[in-house]
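> sequence first, then the predicted structure, then my questions.
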Amino acid sequence: MTEQRPIAVLGGGSFGTAVANLLAENGHSVRQWMRDPEQAEAIRVHRENPRYLKGIKIHPAVEPVTDLLATLNDCDLSFVALPSSALRSVLAPHADLLAGKLLVSLTKGIEAQTFKLMSEILEEIAPQARIGVLSGPNLAREVAEHALTATVVASEDEALCERVQAVLHGRTFRVYASNDRFGVELGGALKNVYAIIAGMAVALGMGENTKSMLITRALAEMTRFAVNQGANPMTFLGLAGVGDLIVTCSSPKSRNYQVGFALGQGLSLEDAVTRLGEVAEGVNTLKVLKAKAQEVGVYMPLVAGLHAILFEGRTLNQVIELLMRAEPKTDVDFISTSGFN
Ligand SMILES: NC(=O)c1ccc[n+]([C@@H]2O[C@H](COP(=O)([O-])OP(=O)(O)OC[C@H]3O[C@@H](n4cnc5c(N)ncnc54)[C@H](O)[C@@H]3O)[C@@H](O)[C@H]2O)c1
Ligand SMILES: O=P(O)(O)OC[C@H](O)CO
């Protein structure tokens with residue numbers, strides 16, 4: 001059923017645009033808020049977002065807007081697709097408008113100073129709001145081009161999940177539900193770090209065995225950390241865990257993978273990020289995750305290895321030597337090894 005009130009999408013980047021189009025194609029009227037009036041005007045006139053999703057037609061029911069206050073007033077359901085570095089500063093000044101509203105974060109990052117996930121920030125800013133997250137193997141361009149795609153909406157609020165499924169579910173976009181908001185959101189944030197490593201491995205010409213080892217050991221690390229933080233490890237077997245890890249570690253369309261690929265080609269981190277010109281959340285996540293893993297005593301050798309290369313002056317060969325010669329471990333953490341002597 002078509003919603004009476006418009007639905008808001010906050011963020012003028014590639015994923016905000018892809019989700020705004022999906023909502024509009026499902027018959028909803030959409031206000032896509034962006035900070036840049038010139039970008040809004042360009043979309044209004046040309047019906048395209050050339051900087052972020054060149055070649056994708058923007059549906060007539062998507063209205064680009066720059067008045068955040070009016071947008072939050074007019075809409076009771078908002079999808080938040082802002083970079084993690086901007087979410088708090090954009091929404092905190094409007095906290096009083098958010099009580100009772102439905103806020104769904106699409107952002108896959110961790111706040112640098114607090115180690116908070118985006119829905120935790122939303123909760124802090126707007127304790128009276130109803131909060132959820134959407135995460136999964138969802139490359140924006142493929143979503144916009146109608147590649148068959150699945151995602152997960154997660155919240156303790158079942159009615160919120162049903163509403164998101166109702167507005168977003170469509171012919172090419174399938175929305176599964178979960179009540180593990182923390183696990184789903186953590187999966188989306190953590191996988192970005194491993195996509196950088198995977199991109200590097202490809203640029204360096206590493207083999208298929210290596211790529212498979214990387215993805216599988218990444219999943220082991222992510223899950224180990226998540227369990228330490230109180231998440232349900234089973235969530236990591238789903239779309240928002242292994243699903244998103246696979247797509248981001250295998251696709252040159254992923255920005256995090258692209259940063260890793262550029263690093264593997266010999267670019268500095270600064271040049272790799274500049275060349276990308278879009279958000280690659282994994283760079284910040286790597287810094288905060290390395291510190292957090294150390295603080296809570298979780299063994300994350302891939303995270304530590306990438307951090308050592310990018311921020312501690314270690315060479316790739318030194319790190320590979322360390323990783324490969326590390327003390328042998330058991331394969332899967334959560335299987336009892338009591339049968340071993
Ligand atoms: N692109 C994808 O395939 C994809 C898929 C799923 C989730 N995500 C997540 O969505 C989030 C947004 O990513 P994206 O791909 O849309 O980013 P993007 O790089 O395509 O665009 C970022 C947008 O945010 C805007 N922005 C930056 N700082 C801002 C600020 N202070 N105030 C207001 N707007 C600001 C930019 O102007 C731009 O419009 C990220 O956390 C990303 O991990 C992206
Ligand atoms: O382009 P990336 O690396 O931000 O990844 C996009 C999505 O998160 C993939 O699910």
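Yep, it's here. Ligands and ions are numbered 1, 2, ... in the order given.
> near ligand 1, which residues of the stretch 201-341 of the chain?
Counting by CB under 6 Å from any ligand atom, the stretch 201-341 of the chain comes close to ligand 1 at 278, 279, 281. Just so you know, the C-beta spots here come from the backbone N, C-alpha and C atoms, and that holds for glycine as well.
> which pLDDT does the model give residue 331?
Looking at residue 331, its pLDDT reads 87.
> tell me the contacts of residue 247?
By CB atoms under 8 Å, 6 or more residues apart in numbering, the residues touching residue 247 are 137, 138, 139, 254.
> which of the residues of the stretch 201-341 of the chain next to ligand 1 fall within strands?
With strands taken from DSSP state E, there is no overlap with those.
> which of these scores worst on pLDDT?
Out of those, that is residue 279, at 85.
> quick revisit: filter the residues of the stretch 201-341 of the chain next to ligand 1 down to the buried ones.
279, 281 (16 or more other CB atoms under 10 Å).
> can I get the residues of the stretch 201-341 of the chain next to ligand 1 in JSON lines with distance to residue 116?
Listed next are these as JSON lines, based on distance: CB to CB, whole Å:
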{"residue": "278", "distance to residue 116": "23"}
{"residue": "279", "distance to residue 116": "18"}
{"residue": "281", "distance to residue 116": "14"}
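> any chance of JSON lines for the residues of the stretch 201-341 of the chain next to ligand 1, columns distance to ligand 2?
Output for those, formatted as JSON lines (distance: CB to the nearest ligand atom, whole Å):
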{"residue": "278", "distance to ligand 2": "8"}
{"residue": "279", "distance to ligand 2": "7"}
{"residue": "281", "distance to ligand 2": "6"}
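> which of the residues of the stretch 201-341 of the chain next to ligand 1 lies closest to residue 242?
Of all those, residue 281 has the smallest distance to residue 242: 18.6 Å, by CB to CB.
> for residue 174, see how far away the closest residue to the closest one other than its chain neighbours is.
Using CB to CB, 6 or more residues apart in numbering and skipping the chain neighbours, the partner closest in space to residue 281 is residue 109 (4.0 Å). Going from residue 109 to residue 174 by CB to CB, to the nearest Å gives 24 Å.
> repeat for residue 133
17 Å.
> those two: who's more crowded?
residue 133 (29 against 15; other CB atoms under 10 Å).
> name every strand pairing with the helix or strand hosting the more buried one and say which way it goes.
Here residue 133 sits within strand 130-135, counting by DSSP states H and E. Here strand 130-135 has these sheet partners by DSSP bridges: strand 102-105 (parallel), strand 149-154 (antiparallel).
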